[in-house]
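after the sequence you'll find the predicted model.
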Amino acid sequence: MSRFRLGRFTSSPPGGFGELLPLAMPLIVSTASHALMQFADRLMLARHDLVDIQASLPAGILAFTMTSFFFATTGMVNTFVAQYHGAGDARGAARVTAQGIFLSALFWPGMLLLIPAGHVILQWSGHAPEVLAAERAYFEPLMLGSLALPLGSAISGYYTGRGQTGLNMAAMVAGNVVNVALDYAWIFGRWGFPEWGIRGAAWATVIAGFVPPVFLMIHYLSPSMRRTAGTVAEFRWDWPLLRRLLRFGIPAGLHYLLDVAGFTLFVLILGRMGDSALAASNIAFSINHLSFMPLVGLGIAASILVGQYQGKGESAAAERSAWTAMKAGWWYMGAMAFLFIAFPRPLFHLFLAGHPPESVAEILAYARPMMAMCALWGFLDAVNVIFAGALKGAGDTAFVMRWSIVMCWGFWLVGEWVLIVLLGAGVLAAWVWLTLYVILLGLGFLWRVRSGRWKSIQVIERPIPPLPLASSSDARLIVE
């Protein structure tokens, strides 16, 4: 028998596949299209010059790292909106979105001030001079256009938190199409444009990055949204709400920053192991990233459903939503693992057309072991992404931050430093240690979800009836 849950009809139990899949599919399309855009970006750069593919991943990850704290912090708008939506408070959802937009504007000057530090880090990496020059050409434009990331994270969080993932998908796909078209024109010098190479790829990413937030802002400020959701009336400072957003958002931002920074440091260290090892690792990471991004869509869907059910005070349905998303993630990663194990060399060949045979042979020697490890860690990576998303939807951002810091900086990177720098181990040994880290990280998130401690966390304000014999002035708001 059908029932109405969270704004939609479904014949499945609360938190089941009937709710998850309609919500998750547009998110999966959005994240997959974004991954496909980056895949096409790197594929075109690899065909333009092998130096470009060596430079694009380290420089791109560095820019992503330096902006990750800011857009992950404003991304907590998604959790707040989901819980307000579950509680039936449309005005609260609009008001917290405004705080995220204001934070984006405040964050942009801070991101620009990080550009000199990025140059120092790239110089420290010790890459070949031609690779370093290409890295700088890619890094600078990405940082100059960094406002798009926190702004897009805040405004898209409003729509995903409300479950309007289709509109968010349309905005993301539009931006990705623009990026691929500009990549083709500006990397290779097509349609009357000069050949800008890797710098053209960076500017294409910047311009396309503003398409989704502009698209969504136009809809957000439309007359219909003003009437039904109060988006303009609630577009104002709310210091208590801003502080609460920062209270939960800063741990989420620090988690994302330190997680991505650890991976960035790993990639930069790999650059010291030779051109073939660096190129092979970058290709394998690019392929894995394409498969990984749909898991991000499932993680966002888990965060939305957990947040909405927590807002309604239905923790059992929230937990069921997390496990449903996890099952979907494991089925998906099973298919990807088969692809990685069965076709490692053909996948690598996509990036190697037109390059010297001796260079291709050296890179292909790494294809099978690297893709086998991608297949192995994929199942635990699904746990990391989906359960971390579910915990964030419940507001358990402090645990996600603490566990990620301990495992990334206390276990993984220390081990990589010992292996590579002190013991002189090769790139495959470094990958084996990375695989072990992913497995242990996932086991920690699995334990936290099963413990149920996240169920008692309160993100949004809830009025409490006055105690007996107390006056109504004693009523208070609990904010945790």
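Thanks, I have the structure now.

my read: Ala63 touches His119, true?
No - Ala63 is beyond contact range of His119, at 11.7 Å (criterion: C-beta atoms under 8 Å). Placement of C-beta: from N, CA and C, glycine included.

could you name every residue contacting both of those two?
Between them, Ala63 and His119 share these contacting residues under C-beta atoms under 8 Å, 6 or more residues apart in numbering: Phe139.

more neighbours: which of the two?
Ala63 (28 against 16; other C-beta atoms under 10 Å).

spit out the contact partners of that one.
Contacts of Ala63 (C-beta under 8 Å, 6+ apart): 118, 138-139, 142-143, 146.

separation between the residue lying closest to it once chain neighbours are set aside and Gly92?
Once flanking residues are discounted, Ala63 sits nearest to Leu142: 3.9 Å by C-beta to C-beta, 6 or more residues apart in numbering. Separation of Leu142 from Gly92 (C-beta to C-beta, to the nearest Å) stands at 34 Å.

neighbour count winner among those two?
The neighbour count for Leu142 versus Gly92, taken as other C-beta under 10 Å, is higher for Leu142 (25 against 22).

touching the strand or helix carrying Ala398 from outside, list them.
Taking DSSP states H and E as the definition, one finds Ala398 inside helix 397-407. Helix 397-407 is contacted by residues 76, 248-249, 251-252, 254-255, 258-259, 388, 391-392, 437, 440-441, 444-445, 448, 453-454 when judged by C-beta under 8 Å, 6+ apart.

just the ones in helices from those residues, please.
Counted as lying in helices by DSSP state H, out of these, are 248-249, 251-252, 254-255, 258-259, 388, 391-392, 437, 440-441, 444-445, 448.

can you select the buried ones from these in ChimeraX?
ChimeraX command restricting the ones in helices among the contacts of helix 397-407 to the buried ones, with burial defined by 16 or more other C-beta atoms under 10 Å:
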select :248,249,251,252,254,255,258,259,388,391,392,437,441,444,445,448
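
in the protein, where is pLDDT below threshold?
By pLDDT under 70, the weakly predicted segments of the chain are 1-12, 32-39, 50, 53-54, 125-126, 271-272, 274, 353-356, 462-480.

point to the residue nearest the middle of it.
By C-alpha atoms, centre = their mean, the mean C-alpha position of the chain lies nearest to Val296, the distance being 6.5 Å.

excluding residues flanking it in the chain, which one is nearest it?
In this structure, Val296 finds its nearest non-sequential neighbour in Thr31, 4.6 Å apart by C-beta to C-beta, 6+ apart.

ranges for the strands of this structure?
Taking DSSP state E, the strands of the chain run over residues 3-5, 8-10, 462-463, 477-478.

surely Leu380 is in contact with Val438?
Yes - the criterion here is C-beta under 8 Å, and Leu380 meets it with Val438 at 5.2 Å.

and the gap between Trp237 and Phe69?
Applying C-beta to C-beta to Trp237 and Phe69 gives a distance of 22 Å.

the two - which one has more neighbours?
Neighbours per residue (other C-beta under 10 Å) separate Trp237 from Phe69, with Phe69 holding more: 23 against 10.

okay, now the residue lying closest to Gln308 once chain neighbours are set aside: neighbour count?
Spatial nearest neighbour of Gln308, chain neighbours left out: Gly86 (3.7 Å); criterion: C-beta to C-beta, 6+ apart. Other residues lying near Gly86 total 26 when counted by other C-beta under 10 Å.

shouldn't Gly86 be in contact with Tyr309?
Yes - taking C-beta under 8 Å as the definition, Gly86 is a contact partner of Tyr309 at 6.3 Å.

so what's Gln269 up against?
If you look again at residue 269, you'll see it is Ile, not Gln. Neighbours of Ile269 in contact, by C-beta under 8 Å, 6+ apart: 416-417, 420-421, 430.

excluding its backbone neighbours, what's nearest Thr79?
Gly307 (5.0 Å).

quick check: that neighbour vs Ala117, distance?
Counting by C-beta to C-beta, the gap from Gly307 to Ala117 is 34 Å.

more crowded one of those two?
Neighbours per residue (other C-beta under 10 Å) separate Gly307 from Ala117, with Gly307 holding more: 31 against 11.

the more buried one reaches Gln83, doesn't it?
Yes - the criterion here is C-beta under 8 Å, and Gly307 meets it with Gln83 at 4.9 Å.

what do those two both touch?
Taking C-beta under 8 Å, 6+ apart as the contact rule, Gly307 and Gln83 both touch Val459.

ends of stretch 121-140, how far apart?
One end of stretch 121-140 sits 13 Å from the other (C-alpha to C-alpha, to the nearest Å).

buried residues, it. List them.
Residues of stretch 121-140 classed as buried under the neighbour-count rule (16+ other C-beta under 10 Å) are 121-122, 125, 127, 131-132, 134-140.

helices of the stretch 1-150 of the chain, residue ranges please.
In order along the chain, the stretch 1-150 of the chain carries the following helices (DSSP state H, counting those that start in this stretch): 17-48, 50-74, 77-87, 90-112, 115-124, 129-144, 148-161.

just the angle between the first one and helix 148-161, please?
Using axes from the mean of the first three to the mean of the last three C-alpha atoms, to 10 degrees, one finds that helix 17-48 and helix 148-161 are set 160 degrees apart in direction.

tell me what helix 17-48 is packed against?
When contacts are defined as 3 or more C-beta pairs under 8 Å, 6 or more residues apart in numbering; DSSP states H and E, helix 17-48 sits against strand 8-10, helix 50-74, helix 165-188, helix 197-209, helix 275-312, helix 315-342.

turn the ones you listed into CSV, including distance to Cys374.
Below are the helices and strands packed on helix 17-48 laid out as CSV (distance: least, C-beta to C-beta, whole Å):
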stretch, distance to Cys374
strand 8-10, 35
helix 50-74, 15
helix 165-188, 23
helix 197-209, 24
helix 275-312, 5
helix 315-342, 5
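
which among those is found nearest to Leu265?
Across the helices and strands packed on helix 17-48, Leu265 has its closest neighbour in helix 50-74 (8.9 Å, C-beta to C-beta).

could you check the angle helix 115-124 makes with the closest one?
Interaxial angle, helix 50-74 versus helix 115-124 (the same axes, to 10 degrees): 140 degrees.

centre of the chain to helix 50-74, how far?
Between the centre of helix 50-74 and the centre of its chain there are 12 Å (C-alpha atoms, centre = their mean, to the nearest Å).

next: stretch 375-389.
13 Å.

and for stretch 273-288?
21 Å.

again with stretch 252-268
12 Å.

quick one: contacts for the nearest residue to Met143 once chain neighbours are set aside?
Computed as C-beta to C-beta, 6+ apart, the closest residue to Met143 that is not its neighbour in sequence is Ile115, at 4.9 Å. Applying C-beta under 8 Å, 6+ apart, one finds that Ile115 lies in contact with 139-140, 143-144.
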